[in-house]
Each structure stands twice: as C-alpha cells, then as structure tokens.
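**Q** pasting the structure only:
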C-alpha cells in the first residue's frame, strides 16, 4: 500500500470539509479579495517551485508534497472567490470539460490506441496528430459523460434506499 500521498489526501479532506462549512454559511469573497487570494496562491506556488530548484524536466516539487498546502490555498481561492481565474474556470465549456474529466482520464489510452490504427494518421506531423487526438478525446469523453455517466448517476440516485450525496450531510448554522 502506498502511503506517500496520505498527507495530500488528508489535506484534501480537511479543505473539503472547511469549504463545505463555508458554503453552508454562504461565504463568498469580494472580487478584490478573490483576485488577491488567487494571486497569492499562484505566487506561493511559483515561489515553492523556484525555492526547491525545480527544472521543467524534473518534478520533485510536485511529488514531494511540499506544494500541497499551496495547491490547497489555490483550491480555496478558486472555490470561494470571484476573481478572474475562478470566473474563467466557471464558464460553461470548462464546466463541461470538468464534468467529463474522469471519462477523459479513462479514455485517453483506448482512444490513442484506436487512433493509431487509422490508416495514415500515424504519418501526420506531431502537432496535427496531437490536435486530432485531443479533439477526438474531448469529444468522446464529453459524449461518454453525457450519454453514460449522467444517466447512470441518475439511475443510481433514483433507486430506493439511495440518498443523494448532497443530502447525506446537512450543515446548519446555529445563531
């Protein structure tokens, strides 16, 4: 069993619980504070990367867990903020890609194998091949999410005895 990622996993759980409590209190940062928090998170991430002497071809700063608190700050800034990066990531096309990200993860290898079996595709220049691969992968993953993932989720949540994940825990504020 790998325990190397346990600290990042625990940090993620703590951040998730904290964000859920903030959402129950309807806390949203003002635009100015959100921009400041996003900027601080990105600067801290860059500073961590530089301080650890990371080169583009190595990634000890990413694998060491040292940057986990910085990524947590960025996640918090994006989740409760209204800065430019949060607004960009909340656009409809990026939300669709976010929902399809697991399907994208699952389909990348099969799509690559399938594309390589198409005659003459392997002869394309690398940029054209990459563009074709990304386009097919995004199309397949969004279709898979829309026509397989969402109906399956609706079916599972509609079964008797199943509770909707959001209704499993109710947070109320006592004042």
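**A** Done, it's in. On a predicted model such as this, the values are computed, not experimentally measured, just so you know. Numbering: from 1, shown residues only.

**Q** okay, CA-based contacts and neighbour counts for the rest of this
**A** Will do.

**Q** packing partners for the helix or strand that contains residue 86?
**A** Secondary structure assignment for residue 86, by DSSP states H and E: helix 84-89. On a contact count with 3 or more CA pairs under 8 Å, 6 or more residues apart in numbering; DSSP states H and E, helix 84-89 meets helix 68-80.

**Q** report the mean per-residue pLDDT for the helix it packs on.
**A** Across helix 68-80, the average pLDDT comes to 76.

**Q** now do stretch 131-142
**A** Averaged across stretch 131-142, the pLDDT comes to 94.

**Q** give me the buried stretch members for it, please.
**A** Of the residues in stretch 131-142, 133-134, 136-138, 140-142 count as buried by neighbour count, 16 or more other CA atoms under 10 Å.

**Q** again, but for stretch 89-104
**A** Of the residues in stretch 89-104, those buried under the neighbour-count criterion (16+ other CA under 10 Å) are 90, 97, 99-101, 103-104.

**Q** continuing past the helix or strand hosting residue 106, what's the next helix or strand?
**A** Secondary structure assigned from DSSP H and E places residue 106 in helix 101-116. Scanning forward in sequence from helix 101-116, with DSSP H and E defining helices and strands, the next element found is helix 126-144.

**Q** I'd like the next helix or strand past that following helix.
**A** Beyond helix 126-144 on the C-terminal side, the first helix or strand identified by DSSP H and E is helix 150-158.

**Q** the buried residues of stretch 131-142: which two are farthest apart?
**A** Greatest spacing in these, by CA to CA: 133 and 142 (14.1 Å).

**Q** looking at the protein, which helix or strand does the model trust least?
**A** Across the helices and strands of the chain, the lowest-confidence element by mean pLDDT, DSSP states H and E is helix 165-168, at a mean of 47.

**Q** against residue 94, how distant is residue 88?
**A** In this structure, residue 88 lies at 8 Å from residue 94, with CA to CA, to the nearest Å as the measure.
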